[in-house]
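K.L.:
please work out how this folds:
(one chain, ligands or ions: 2)
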Amino acid sequence: MIRTLFSKEEIARKVEELGRKISRDYEGKTLTVIALLNGGLPFTADLIRHISIPVFLDSFAASSYVDDRSSKKLTVRSRLKEPVEGRHILLVDDILDTGHSLAATVEYFRKMAPASIKTCVFLDKKLDAPKPVSADYTGYEVENVYVVGYGLDSHELYRNLPFVGVVEND
Ligand code: IMP
Ligand code: MG
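P.N.:
Ligands and ions are numbered 1, 2, ... in the order given. Just a heads-up that it's a prediction; the model follows:
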């Protein structure tokens, strides 16, 4: 059974609010929105429909791992459609957990000399440990529990749920 944490309606309201805020913050500019795959896909798809300024849409697939010297490495599985040099980019992901993936992704994009780089996550997990990056836009904070739905998976399942919840054994 899955216990709902954020309903479809709550998600819709929050995404609309974030879209309005982003549109205000980037007024007069064109924004390159980059969906971080696969988790950031449903959120990005909803979010861009609430952004009223011109948007370029792209996507990026990568995962981070810690090498033997305990530095963060990024395994990149995709390429961008267009170079982002000189562009305002917004990286969109499902959840900020330890923050290692997003921090490594931000560093990767920074090297491409964008005009600006910001991040937007639907969920931010409350952890005791400090995070290497904090998101510029956050939908909701969530307790330190494993959540699924709205892009978030457990062994690649549940990404298609229209709500966010916790898997419970019944
Ligand atoms: P981080 O590098 O620890 O911030 O991990 C980020 C990635 O781990 C997210 O983009 C998710 O793909 C995954 N992740 C972290 N927490 C959860 C969760 O509660 N449910 C599903 N995926 C998660
Ligand atoms: Mg992810």
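K.L.:
now the terminal residues of stretch 83-98, how far apart.
P.N.:
Distance between the two ends of stretch 83-98: 28 Å, counting by C-alpha to C-alpha, to the nearest Å.
K.L.:
again, but for stretch 113-130
P.N.:
Using C-alpha to C-alpha, the two ends of stretch 113-130 sit 27 Å apart.
K.L.:
could you list the low-pLDDT ranges of this protein?
P.N.:
For the chain, the stretches flagged by pLDDT under 70 are 66-71, 170.
K.L.:
which residues of it lie near ligand 1?
P.N.:
Residues of the chain lying near ligand 1 by C-beta under 6 Å from any ligand atom: 39, 64, 93-102, 146-148, 152-153. For every residue, glycine as well, the C-beta is placed using N, CA and C.
K.L.:
and with 5 Å instead?
P.N.:
Contact residues (C-beta under 5 Å from any ligand atom) of the chain with ligand 1: 39, 95, 97-101, 146-147, 152.
K.L.:
now render these as TSV, adding distance to residue 13 and neighbour count.
P.N.:
Converted to TSV, the residues of the chain next to ligand 1 look like this (distance: C-beta to C-beta, whole Å; neighbours: other C-beta atoms under 10 Å):
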residue	distance to residue 13	neighbour count
39	21	21
95	19	24
97	24	18
98	28	15
99	26	23
100	30	17
101	27	21
146	24	10
147	18	23
152	19	22
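K.L.:
in strands, which of the residues you listed fall?
P.N.:
Among the residues of the chain next to ligand 1, the members found in strands (DSSP state E) are 95, 147.
K.L.:
pull the most distant pair out of the residues of the chain next to ligand 1.
P.N.:
Farthest pair in the residues of the chain next to ligand 1 (C-beta to C-beta) is 100 and 147. Separation: 17.8 Å.
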